[in-house]
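Asker: using only what follows, build the 3D model:
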Amino acid sequence: MKDKNIENSLLSFRNYYEANVPPLILFARRFVSEEMAEDIIQDVFLDIWDYVGINEKLPSRSYLFIAVRNKCLNSLIRERVKKNYIQSTELDNRILGLDYYDSFEKQIIDREDMQYVYDEIEKLPEKCKLIFKMAYFEEKKNAEIAENLNISIRTVEHQLYLGLRTLRSQLIADGKKNLFFLFFF
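Answerer: Residues are numbered from 1 along each chain as shown. Now for the predicted structure:
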């Protein structure tokens, strides 16, 4: 008897399924792709099968349409979230790329500016250039420079003054006044 009930339930469910699938697919196709519509309808019927026991009454047709509508809505919301995440990630990657480009460009400009300053230092008179490099590149104190070169501290100070004045006037003349303050103050 129990096998007969199961067989009747399966037949009843199959008829219920076959009668309702075509209109549900047409309904779901308004909102999602055909493949997605079929998956949604399969999910709805699997939920019903899991919920309804052997002898329980199957849900109404309006319930089926509401269930399909809700699953379509959930699917579209998930799709929108996924699309927003992808677009947001792509946008973040573009921004990072621009930041990288900006920092790379700054490095090139900084290198070019530094090279320009180095080139101008190389144009200084020999003694002035030597003292200037020791003071600014080797970071030696004036007394140390004076001792190393066997000259007075006053001579070191005067040569540094002349070097800074020459560089400043050259950088200002070339429209690179900011470089002077950036490198020497």
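Asker: how's this protein carved up into domains?
Answerer: For the chain, the structural domains run 2-90, 123-184, going by automatic domain parsing.
Asker: can you tell me which of those domains the model trusts least?
Answerer: Among these, domain 123-184 carries the lowest mean pLDDT, a mean of 82.
Asker: which helix of the protein spans the most residues?
Answerer: Across the chain, the longest stretch assigned as helix under DSSP state H is helix 61-122.
Asker: what is that one packed up against?
Answerer: helix 2-29, helix 34-51, helix 126-136, helix 153-173, helix 177-184 (3 or more Cβ pairs under 8 Å, 6 or more residues apart in numbering; DSSP states H and E). Backbone N, C-alpha and C define where each C-beta goes, glycine included.
Asker: any idea which of the domains of the chain gets closest to Val117?
Answerer: domain 123-184 (5.5 Å; Cβ to Cβ).
Asker: nearest to Phe65, of the helices and strands packed on helix 61-122?
Answerer: helix 2-29 (6.2 Å).
Asker: can you name every helix or strand that the closest one contacts?
Answerer: Using 3+ Cβ pairs under 8 Å, 6+ apart as the test, helix 2-29 ends up in contact with helix 34-51, helix 61-122.
Asker: got a markdown table for those, with mean neighbour count and distance to Ser9 too?
Answerer: A markdown table is the format used below for these (neighbours: other Cβ atoms under 10 Å; distance: least, Cβ to Cβ, whole Å):
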| stretch | mean neighbour count | distance to Ser9 |
| --- | --- | --- |
| helix 34-51 | 15 | 10 |
| helix 61-122 | 12 | 18 |
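Asker: Lys129 is nearest to which of those helices?
Answerer: Going by Cβ to Cβ, the one of those nearest Lys129 is helix 61-122, 6.2 Å.
Asker: please state the offset of that closest one from the chain centre?
Answerer: The chain centroid and the centroid of helix 61-122 are separated by 4 Å under Cα atoms, centre = their mean, to the nearest Å.
Asker: then stretch 164-173?
Answerer: With Cα atoms, centre = their mean, you get 43 Å for stretch 164-173.
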